[in-house]
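>>> Mind folding the following:
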Amino acid sequence: MARAPLLQLSGIMLTFGGDPVFDNLDLVVHPGDRVALVGRNGSGKSTLMKVMAGLTLPDAGTRVVPPGVTVGYMEQDPDLSAYETLGDYAAANLPEGEEYKVAMVAEGLKFNPETPVASASGGERRRAALARLMAEAPELMLLDEPTNHLDIQAIQWLEEELRSTRTAFVLISHDRAFLKALTRATLWIDRGQVRRRESGFDGFEEWRETVWAEEDDQRHKLDRKIKAEARWAVEGISARRKRNQGRVRALADLRAERAGQIRRQGTAAMALESGTTSGKRVVEAKGIFKAFGDQQIVNNLDLRVLRGDRIAFVGPNGIGKTTLLKMLTGEITPDSGTITLGTNLDIAVFDQTRAQLDPNASLWDNLTNDPSMSVSGSSDQVMVRGNPKHVVGYLKDFLFNEAQARAPVRSLSGGEKARLLLARIMAKPSNLLILDEPTNDLDVETLDLLQDILGYYDGTVLLVSHDRDFIDRVATSTVALEGQGRVGVFPGGWTDYMSQRDIEWAPEATFTAKSAAAPAQKSNTKRADTLSFTERKRLENLPDLIAKMEVEISKLGELLEADDLFSREPVKFRKASEMMAERQTQLSALEAEWMALEEKAAI
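Residues are numbered from 1 along each chain as shown. Purely as a prediction, here's the structure:
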């Protein structure tokens, strides 16, 4: 016997005084549903979730929740003004004696319920909102970007909790790995229409491309029909005026249908341009130590960053990833040890706090007031990679419309602020890109584009992220901060790191490409006698360099295998072919060097 739905929306229309956000929308959520709610930034995901929660009233239509069913919503920006601590807010709706539920959830989400509301950060407030929802355990949970401001360990804890619950939930997230692991159905918002597919997020992109291909085919057929009917009208209507007025009206209807179709929003026209080529050695850290009181960030760390590396820094919140980044770029000085920066560095920084953006200034002013983008004598143009461009035109490249150009930055969503910050750092050439949590709030399409751009960027990338899928797609090496000053360097992305981390840590406090170099470290004492110190260090590092080069060659090979790449993007095909040949030559040289040193060590 079919169970009654937990929530039903019928004939929902919502306009906010302009074009409809939704029109005649029907939606049902059943017990046990695990639904991914996906769509472009600005498509209406959060608005739809608020309608589902009963917080936003539609202009027309009905929302039905059966008696006794509770629907819980995780607020993006909760109002905690009536509470002294985060725990007070999280436990506000719990029966007396059940406050322990908040403590259990807070442990997994890693926040302190005793934290005063007045001093709590935005991330702590969001975690309190999530803890409140999970402690209340409603029959239907509505989760809007629950993984934002969570580190990977907390995300994995939340993933396990949601995997084991019987509660139905609808989930908005940019984290592909999180969505793939948890969802069994997908709601896709596209130009005001909501489509449902009874399958999880794992197959969403293929489904989306199929729908769009069918739509393009139908549009093409309609265009051909309109063209044929218009030709008939020109050539034959004068001879058959009275008898064919119906056909003329049909042509008008076809044109009205074509005009009424809503064109898909394109992807942002993002691009990165490398500046002058940096030196081969970008950063070299030797024996660095840094601590704040009793908390050690790094202890005797050696790390070499070479031109072209894509290095991801991972670890729990507060462990010191951003601090390590700032040390490597010279912004913070280590307590001991040395950090040497390479030559000809042009650094661009994506700051997770968005501190580079003035929230009270308009998008226009945030670009034109940036000294690196200003055009002398002009208030409506910005310098974009060496060429002047109108402010509105450049903003449109990043999917902002003309009306938004004069709006204050504080009116933007999180994803829009991220796109604006990307617009600023991509306007000038660079050869060292620092990305501190760039994936927060970005939709899947923009993440795809950013990933592709980083793949073709000739410079070096240092990346902090909690998005496991993004790290796997981008990083060639992963630096893991695991606490008490212990740091490990592993070839590959997050998945590679997890497969190697259980290998026993070296007893010393120096961690350099540990897992890759382990076979070289287990040699007999003759190695120390026959190799110089420099040669021993080089032999230890070579497996990591070879693995990185093999990853890059594999990714380039996948790109070049695309059937239509040469005809569709010949410049990209040529550049990828040149990069493939260059890296294959470098790989052969590295392998030959490794064999020579191994033979010398065995003497």
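
>>> Quick test: name the residue nearest the centre of the protein.
residue 439 (2.7 Å; C-alpha atoms, centre = their mean).

>>> Could you confirm that residue falls within a strand?
No. Applying DSSP: H, G, I helix; E, B strand; the rest coil, one finds residue 439 to be coil, outside a strand.

>>> which element is the spatially closest residue to residue 413 that is not a sequence neighbour on?
When the adjacent residues along the chain are set aside, residue 413 lies closest to residue 41, with 6.3 Å between them (C-beta to C-beta, 6 or more residues apart in numbering). In this view, the C-beta of every residue, glycine as well, is placed from N, C-alpha and C. When elements are assigned from DSSP states H and E, residue 41 belongs to no helix and no strand.

>>> domain parsing for the protein?
7-206, 207-260, 513-603 (automatic domain parsing).

>>> okay, how far is it across the first one, tip to tip?
Start and end residues of domain 7-206 are separated by 28 Å (C-alpha to C-alpha, to the nearest Å).

>>> Average pLDDT for that domain, rounded please.
For domain 7-206, the mean per-residue pLDDT is 90.

>>> How much space separates the residue found closest to residue 431 once you drop the neighbours it is linked to in the chain from residue 486?
Using C-beta to C-beta, 6+ apart and skipping residues adjacent in sequence, the residue nearest residue 431 is residue 459, 3.9 Å away. According to C-beta to C-beta, to the nearest Å, residue 459 stands 29 Å off from residue 486.

>>> One more: residue 129?
Distance from residue 129 to residue 486, by C-beta to C-beta: 33 Å.

>>> Over to residue 157?
21 Å.

>>> One more: residue 124?
26 Å.

>>> One more: residue 574?
For residue 574 relative to residue 486 (C-beta to C-beta), the value is 44 Å.

>>> quick one, which of these two is more surrounded?
residue 486 (17 against 11; other C-beta atoms under 10 Å).

>>> Could you verify my assumption that the more buried one touches residue 299?
Yes. At 7.0 Å, residue 486 counts as touching residue 299 under the criterion of C-beta atoms under 8 Å.

>>> helices and strands around the helix or strand where residue 304 lies, which ones?
Per DSSP H and E, residue 304 falls inside strand 295-306. In terms of contacts (3 or more C-beta pairs under 8 Å, 6 or more residues apart in numbering; DSSP states H and E), strand 295-306 is packed against strand 281-292, helix 321-328, strand 460-464, strand 477-481, strand 487-491.

>>> CSV please, covering the ones you listed and showing distance to residue 119.
Output for the helices and strands packed on strand 295-306, formatted as CSV (distance: least, C-beta to C-beta, whole Å):
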stretch, distance to residue 119
strand 281-292, 18
helix 321-328, 20
strand 460-464, 24
strand 477-481, 25
strand 487-491, 30
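
>>> got a list of contacts for stretch 189-202?
With contact meaning C-beta atoms under 8 Å, 6 or more residues apart in numbering, stretch 189-202 is reached by 20-23, 25, 27, 34, 36-40, 43-45, 48, 176, 179-180, 182-188, 203-204, 207, 211, 262, 264-265.

>>> What are the buried residues along it?
189, 190, 192, 194, 197, 200, 201 (16 or more other C-beta atoms under 10 Å).

>>> try stretch 61-75
So stretch 61-75, judged by 16+ other C-beta under 10 Å, has buried residues 61, 63, 65, 69, 71, 72, 73, 74, 75.

>>> what's the answer for stretch 428-447, then?
Quick answer for stretch 428-447 (16+ other C-beta under 10 Å): 428, 430-447.

>>> sorry, back to before: and of the helices and strands packed on strand 295-306, who's closest to residue 562?
Residue 562 lies closest, by C-beta to C-beta, to one member of the helices and strands packed on strand 295-306: strand 460-464, at 23.1 Å.
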